[in-house]
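>>> turn this into a model:
(3 chains)
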Amino acid sequence: MQPRVIILVDFDYFFAQIEERKNPYIKDKPVVVCVYSGRSQDSGAVSTANYIARKYGVKSGMPIALAKSKLESVDAAFLPVDYEFYEEVSEKTMTILRGYADRFEQVGIDEAFLDVSQRVGGSFEQAAELAQRTKNDIQTRCELTCSIGIGPNKLVAKIAADAQKPDGLTVVKPDQVESFLVPLPVDRLIGVGVKAKEKMEAMGIRTIGDLAKYDARRLIEIFGRKLGTYFHNASVGIDDEPVQERGEAESISRIATLKEDTRDLNAILDRTDRLCEEVHEDVRQKGVSFKSIGIIAVLTDMSVRSRSKTYENPANELETLRRTAGELFEKLLNESELKLRRVGIKVSNFAKEQKTQKRITSFLGDSES
DNA sequence: GTATGCTTTCGGC
DNA sequence: TTACGGCCGAAAGCATAC
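I've put the predicted structure just below:
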């Protein structure tokens, strides 16, 4: 049987690259795209930075003030995020990429898997040529660079793309998978974050090769059946996940930072009322109803709490959202002593149609035995 | 014991 | 010196039904 040939396209420092394209004047200096929280002058976090800024130690998620201190003596561009614009750019690039694939799967705003097995007839050489043409096309039509990984499955394609950045193209053929993976640190595998990495380190597992040598049954004992099996398979480059189009989002949420930390329910609801309106507007535009309503709270110590409530019947009214959020925040405040720093609203468990107008009960007798 | 559904946390981007 | 976003989906953890 022919091997699958999977391509992962990952745009380089996406938000910052789009800002460079918008204003080429900043291209040769550090560019830091920031989410300003509005609490004070420089409060907020770094979303993305270009490679020049990264050389100075600026990283995603870092406080803006810290990034500024690292770039103290340098002429740098600090810019606010413009999600809507980035989404527009993303849609254009994804439409182009889709044209190069037998099957297509967008992941996040700046990544996509392309299953090209059929059109390259299982040939990794042809896939590499196709990938180069794709890069050229994206460069010409969108003025953007990306890094591409090619492998026999999504797992390997993803790790391959990370191997050379920015503007890279890395091919890992089936017979190269083992030697490619063996020396890499375990946290290059999707699903191995800080927690799993620490646990593995204590078990003497540092590289993917170490993981591959580890007894599979013991992995399952330690991490549970699903995760343990996944880790074992991943360590030897096995992954059967299909490339498939993703549907609509499964949840819609908004979160915001409060002007100051508080436990005052009225102050909290004053802010979340606006978030409810935004979520409600999104829901209205998508034409869906939701069964679950949740709240998110980030406390003073940056720890996160969430609460949610699921209704039997789908709702879509702003009032339901507001009322439920109020109840949930009241409950949360009773269960914790810390002040709240950030607050959020989330709806999920969507129902397509909300035509349950009357007398559902008349159906119950017929369908139940 | 297994399947299913809900709530909460984790972690990638 | 300190400094700290806004999303999303996946998985874990738990309860309940069969």
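
>>> quick one: the helix or strand that residue A:329 is a member of near DNA strand B?
Under the criterion DSSP states H and E, the helix or strand holding residue A:329 is helix A:318-335. No: using Cβ under 7 Å from any atom of the strand, helix A:318-335 never reaches DNA strand B; the gap is at least 7.7 Å. All C-beta atoms are positioned from the backbone trio N, CA, C, and that covers glycine.

>>> got the buried residues for that helix?
Using 16 or more other Cβ atoms under 10 Å as the test for burial, helix A:318-335 gives A:318, A:320-322, A:324-326, A:328-329, A:332-333.

>>> what does stretch A:1-18 give?
A:4-18.

>>> ok, stretch A:107-124 next?
Within stretch A:107-124, the residues scored as buried using 16+ other Cβ under 10 Å are A:109-117, A:120, A:123-124.

>>> same question, stretch A:245-257
For stretch A:245-257, the neighbour count (16+ other Cβ under 10 Å) marks A:252-254, A:256-257 as buried.

>>> how about that stretch and DNA strand C, touching?
Yes: interface with DNA strand C: stretch A:245-257 contributes A:249-257 (Cβ under 7 Å from any atom of the strand).

>>> among these, which two are most distant?
A:250 and A:257 (24.9 Å; Cβ to Cβ).

>>> who does the residue nearest to residue A:183 when sequence neighbours are not counted bridge with?
Nearest residue to residue A:183 in three dimensions, chain neighbours excluded: residue A:207, at 5.9 Å (Cβ to Cβ, 6 or more residues apart in numbering). For residue A:207, the beta-bridge partners are residue A:185 (DSSP bridges).

>>> residue A:207 is in contact with residue A:185, isn't it?
Yes: with contacts counted by Cβ atoms under 8 Å, residue A:207 reaches residue A:185, the gap being 6.0 Å.

>>> of those two, which one has the most company?
residue A:207 (17 against 14; other Cβ atoms under 10 Å).

>>> how much distance is there from the helix holding residue A:329 to the middle of the chain?
The chain centroid and the centroid of helix A:318-335 are separated by 27 Å under Cα atoms, centre = their mean, to the nearest Å.

>>> per-domain residue ranges of chain A.
A:15-82, A:187-235, A:251-351 (automatic domain parsing).

>>> as TSV, those with mean pLDDT would be great.
Shown next, in TSV, are the domains of chain A (pLDDT from 0 to 100):
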stretch	mean pLDDT
domain A:15-82	93
domain A:187-235	80
domain A:251-351	90
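
>>> nearest to residue A:147, out of those?
So among the domains of chain A, domain A:15-82 is nearest, using Cβ to Cβ, at 11.5 Å.

>>> tell me if that closest one is near DNA strand B.
Yes: counting by Cβ under 7 Å from any atom of the strand, DNA strand B is contacted by domain A:15-82 at A:60-61.

>>> does DNA strand C sit close to that domain?
Yes: judged by Cβ under 7 Å from any atom of the strand, domain A:15-82 comes into contact with DNA strand C through A:35, A:37, A:39-40, A:43-45, A:47, A:60-66, A:68-69, A:81.

>>> between the buried residues of stretch A:1-18, which is nearest residue A:51?
Of these, the one sitting nearest to residue A:51 (Cβ to Cβ) turns out to be residue A:13, at 6.6 Å.

>>> where's stretch A:275-285 relative to the chain centroid, distance-wise?
21 Å.

>>> all strands of the stretch 201-350 of chain A, in order?
Here the stretch 201-350 of chain A has its strands, by DSSP state E, counting those that start in this stretch, at A:251-262, A:289-299, A:304-315, A:340-351.

>>> any idea which of those gets closest to DNA strand B?
Smallest distance to DNA strand B across the strands of the stretch 201-350 of chain A (Cβ to the nearest atom of the strand): 3.3 Å, for strand A:304-315.

>>> now the closest one against strand A:289-299, angle please.
Inter-element angle recorded for strand A:304-315 and strand A:289-299: 170 degrees (by axes from the mean of the first three to the mean of the last three Cα atoms, to 10 degrees).

>>> quick one, strand A:304-315 and strand A:340-351 angle?
30 degrees.

>>> coming back round to it: from the buried residues of stretch A:1-18, which two are the most distant?
Pairwise over the buried residues of stretch A:1-18, using Cβ to Cβ, the maximum falls at A:4 and A:16, 32.9 Å.

>>> which parts of chain A sit against DNA strand C?
Counting by Cβ under 7 Å from any atom of the strand, chain A comes close to DNA strand C at A:35, A:37, A:39-40, A:43-45, A:47, A:60-66, A:68-69, A:81, A:191, A:223-224, A:226-227, A:230, A:249-257, A:298, A:302, A:341-342, A:344, A:346.
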